[in-house]
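A.B. asks: no sequence on hand, only this structure:
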Ligand code: DAT
Ligand code: MG
């Protein structure tokens, strides 16, 4: 069972796209395990984006992600990482396929609306950075047998 950390970034919140973005993961069949509305501290942003430290866009990225509230979510399921990445679209919205979140709503790499973990290992790490274990909910979804064989 994979878990991915999905963030609706500050532009998604400010543009009134929380529901739209959540809905895409929900309709796809991923299962929600945790959700919170919050503003990221600089410290959390530096931990979350530590891998990009030293790259030319790093400071702007930290400024952007801490600039307003976000929605942090943990979504789970078999192949959750790949499914969520496909639903998000390419990092640069201009190259993202129409039908993806970034391809439908974005125009700039620095305003690309969503974050999603890029590997199983990073999914585990990132979810634990944003959620305590007791904030994650294990639940039975009555539609599971219509989503999964
Ligand atoms: P993704 O968010 O698709 O996983 P990433 O992990 O490579 O992409 O980069 C994290 C974020 O950093 C990305 O969502 C937007 C920003 N970013 C990445 N490459 C960039 C670049 N070349 N110029 C400006 N911002 C960039
Ligand atoms: Mg990434």
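C.D. replies: Yep, it's here. As the structure is a computational prediction, the values presented were derived from the model and not from experiment. Ligands and ions are numbered 1, 2, ... in the order given.
A.B. asks: so where do the strands sit in this protein?
C.D. replies: 2-8, 31-38, 70-77, 114-116 (DSSP state E).
A.B. asks: please produce CSV containing those strands, extended by mean neighbour count, mean pLDDT and distance to residue 135.
C.D. replies: Yep, even glycine has a C-beta here, placed from its N, CA and C like the rest. Shown next, in CSV, are these (neighbours: other Cβ atoms under 10 Å; pLDDT from 0 to 100; distance: least, Cβ to Cβ, whole Å):
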stretch, mean neighbour count, mean pLDDT, distance to residue 135
strand 2-8, 25, 98, 13
strand 31-38, 16, 98, 5
strand 70-77, 23, 98, 9
strand 114-116, 24, 98, 18
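A.B. asks: minimum distance to ligand 1: which of the ones you listed has it?
C.D. replies: strand 114-116 (5.5 Å; Cβ to the nearest ligand atom).
A.B. asks: and for the closest one, what's in contact with it?
C.D. replies: 4-9, 12, 21, 81, 84-85, 88, 101-102 (Cβ atoms under 8 Å, 6 or more residues apart in numbering).
A.B. asks: what about the strands of the chain, which gets the closest to residue 51?
C.D. replies: strand 114-116 (12.3 Å; Cβ to Cβ).
A.B. asks: quick check: neighbours of the closest one in the sheet, parallel or antiparallel?
C.D. replies: Strand 114-116 has the following sheet partners, assigned by DSSP bridges: strand 2-8 (antiparallel).
A.B. asks: check the offset of the partner strand from the chain's centre.
C.D. replies: 4 Å (Cα atoms, centre = their mean, to the nearest Å).
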